[in-house]
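S.K.: just coords:
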């Protein structure tokens, strides 16, 4: 297959260029789809430009829109982290606060006369258990 070392090195270099283009393509396509300041037509243009004229398209995109690429990526990371934090808080909860809230609402019911003292004590024991 390879008749000398030069052809092997050339094949490795070509593979490296293909792999580098492929990684940059995913990076740029991700940024195109992530960008909220472009409309559908502009996104379509950039996608076609990057795919039809590969290296030139990537270079022109990075030169034209490269400044905001990191900002868009950081904003997406912040949104993901905020959503994850909100989800964890909603699932984990705070058992002490829940018990306190249950006892407080039961006390309000007792004061309004909706429940008896025995029912209040039962709710209090249940909340603390």
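M.R.: Sure, I can see it. If you're wondering where the values come from, they're calculated on a predicted model, not measured in any experiment. Numbers count the residues shown, from 1 in each chain.
S.K.: Looking at the record's assignment, how would you partition the chain?
M.R.: Domain assignment for the chain by automatic domain parsing gives 1-93, 94-129.
S.K.: Mind telling me which of those the model trusts least?
M.R.: Mean pLDDT is lowest for domain 94-129 among those, at a mean of 83.
S.K.: to the chain's geometric centre, what's the distance from that one?
M.R.: Relative to its parent chain, domain 94-129 has a centroid offset of 40 Å by C-alpha atoms, centre = their mean, to the nearest Å.
S.K.: Just the buried residues of that domain, please?
M.R.: 103, 106, 110, 115, 120, 123-124, 127 (16 or more other C-beta atoms under 10 Å). For the C-beta atoms, the positions are set from N, CA and C on the backbone; glycine is no exception.
S.K.: Give the other helices and strands that the host helix or strand of residue 103 contacts.
M.R.: Assigned by DSSP states H and E, residue 103 belongs to helix 95-112. Judged by 3 or more C-beta pairs under 8 Å, 6 or more residues apart in numbering; DSSP states H and E, helix 95-112 is in contact with helix 117-128.
S.K.: now for the helix it packs on, which elements pack on it?
M.R.: Going by 3+ C-beta pairs under 8 Å, 6+ apart, helix 117-128 lies up against helix 95-112.
S.K.: got the contact list for the helix it packs on?
M.R.: Contacts of helix 95-112 from elsewhere in the structure, counted by C-beta atoms under 8 Å, 6 or more residues apart in numbering, are 115-117, 119-120, 123-124, 126-128.
S.K.: Adding distance to residue 80, write those out as a markdown table.
M.R.: As requested, the contacts of helix 95-112 are exported to a markdown table (distance: C-beta to C-beta, whole Å):
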| residue | distance to residue 80 |
| --- | --- |
| 115 | 45 |
| 116 | 50 |
| 117 | 50 |
| 119 | 46 |
| 120 | 44 |
| 123 | 40 |
| 124 | 41 |
| 126 | 38 |
| 127 | 35 |
| 128 | 37 |
